[in-house]
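1. with the sequence up front, the predicted model follows.
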Amino acid sequence: MLALFSLRRGLAIAALVAFCSPILAADDDRAAYDKAITSAINYLAGQQNEDGSFGEASPIGVTGLCTAGILSHGRTADDPVAKKALTYLESQIKEDGGIYAEGSTHKNYETSLAVLAFAAGNKDGRYDKLLAGTDKFLKGIQWDASEDKEESDTFYGGAGYGGHKRPDLSNTAFMMEALKATGTGPEDEAMKKALIFVSRCQNLESEHNTSEFPAKNPDGGFYYTIAAGGNSQAGETPNGGLRSYGSMTYAGLKSMIYAGVDKDDPRVKAASEWLGKHYTLHENPGLGQQGLFYYYLTAAKALDAFGEEEFGTADGAKHPWRAELRKELLGRQQKDGSWVNETTRWMEGSPVLVTGYTLLAMEYVQPEAGK
């Protein structure tokens, strides 16, 4: 009887631990991962508008993001939800090759995210002609000599929300990713120009950045923009320097790698060292909970591009970042399959947008086969 009681007690405790620790149990569980992905895609399917778009604010950008997220997990362009969304995006193509709303001031952002969706659905080449048009459009609105900007100008090489907006690192990173998705390599002039702008958004004094800001805050991280007097969403240091922060530093690292900069380059070393000092999955370093899911997506893409399965941090630790980020994301999923940020800045109060971000991030943190 005592043995039976002990067995029952042990089973009860085991069941309680399993119930209270679903994230730990799911960490390397392929079934749990697949269930989370299916639940998220089903959530988005239920939120799709009649015209095929997703979201209310900036529907072209959000639709591109969500569609790319869906297609990144084994769905094809003929999947009913994806097909309806891609048809909507096709209806927004303009004569200049861009994909944006009438009167939009977010042409680069909208087109770049739409490109990610079409590139993901282009396994059979059905969108080759369309993507050739977007490629030409994006290169055409990049700040360069065609906009009367010489290489010495802080606008040079960057991309902003629209042709008449100052360029920033976020938009430039989206543009570079879209160009990469269509086959543009580091040798392309657009990538070389973009690298000039990206390098100037780093707190690192070098021949690539001779502005006033790195000397005021020489920590190797990245800030929002060097253009129009410079700006950091994390604010300024007391001496007028621009504070580095997490999402932009991952964006800078990713963009430099896409532009062909290798790990031995001082720019990459400085960025990875900054990230090693501030490695966390609980906040966007420098901004707290603001832009947290954008941070997760940018971190996933940057660390994948960096090419190390364990990311070394300043304390000497080696982080299996894919497993750690997977665990964090699985633990933040809502019961309806969505993800959302309680800190709503930059539209992250929208579960549709945030679920799109997270689906794309989850592509890079899949469990190893057989787990």
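-> Here it is on my side, so go on.

2. elements contacting whichever strand or helix holds Ala178?
-> Using DSSP states H and E, Ala178 sits within helix 169-181. Helix 169-181 is packed against helix 107-120, helix 128-141, helix 189-200, helix 246-258, with contacts defined by 3 or more Cβ pairs under 8 Å, 6 or more residues apart in numbering; DSSP states H and E. No exception for glycine: its C-beta is placed from N, CA and C like everyone else's.

3. the third one - contacts with which helices or strands?
-> The one in question is helix 189-200. Counting by 3+ Cβ pairs under 8 Å, 6+ apart, the packing neighbours recorded for helix 189-200 are helix 169-181, helix 246-258.

4. quickly compare these and say which is most buried.
-> Among those, helix 246-258 has the highest mean neighbour count (mean count of other Cβ atoms under 10 Å), at a mean of 28.

5. what is the burial count for Gly160?
-> Number of residues near Gly160 (other Cβ atoms under 10 Å) recorded here: 26.

6. brain fart, Lys335
-> Neighbours of Lys335 under the rule other Cβ under 10 Å: 6.

7. so it, which state does it fall into?
-> Three-state assignment for Lys335 (DSSP: H, G, I helix; E, B strand; the rest coil): coil.

8. quick one, what contacts it?
-> Counting by Cβ atoms under 8 Å, 6 or more residues apart in numbering, Lys335 touches no other residue.

9. can you do 10 Å?
-> Going by Cβ atoms under 10 Å, 6 or more residues apart in numbering, Lys335 touches Ser39.

10. okay, now the unreliable bits of the stretch 1-150 of the chain?
-> 1-28 (pLDDT under 70).

11. can you pull out the strands in it?
-> In order along the chain, the stretch 1-150 of the chain carries no strands (DSSP state E, counting those that start in this stretch).

12. so which of the helices and strands packed on helix 189-200 gets nearest Gly356?
-> helix 169-181 (13.5 Å; Cβ to Cβ).

13. export that closest one to PDB, keeping only CA atoms.
-> The C-alpha coordinates for helix 169-181 follow below in PDB (Å, rounded to 0.1, in the frame of the first residue of the first chain):
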ATOM      1  CA  LEU A 169      19.000  52.000 -40.800                       C
ATOM      2  CA  SER A 170      15.700  50.100 -40.400                       C
ATOM      3  CA  ASN A 171      14.500  50.900 -43.900                       C
ATOM      4  CA  THR A 172      17.900  50.400 -45.400                       C
ATOM      5  CA  ALA A 173      18.100  47.000 -43.800                       C
ATOM      6  CA  PHE A 174      14.700  46.100 -45.200                       C
ATOM      7  CA  MET A 175      15.800  47.300 -48.700                       C
ATOM      8  CA  MET A 176      19.000  45.200 -48.500                       C
ATOM      9  CA  GLU A 177      17.100  42.100 -47.500                       C
ATOM     10  CA  ALA A 178      14.600  42.600 -50.300                       C
ATOM     11  CA  LEU A 179      17.400  43.000 -52.800                       C
ATOM     12  CA  LYS A 180      19.200  39.900 -51.400                       C
ATOM     13  CA  ALA A 181      16.000  37.900 -51.700                       C
END
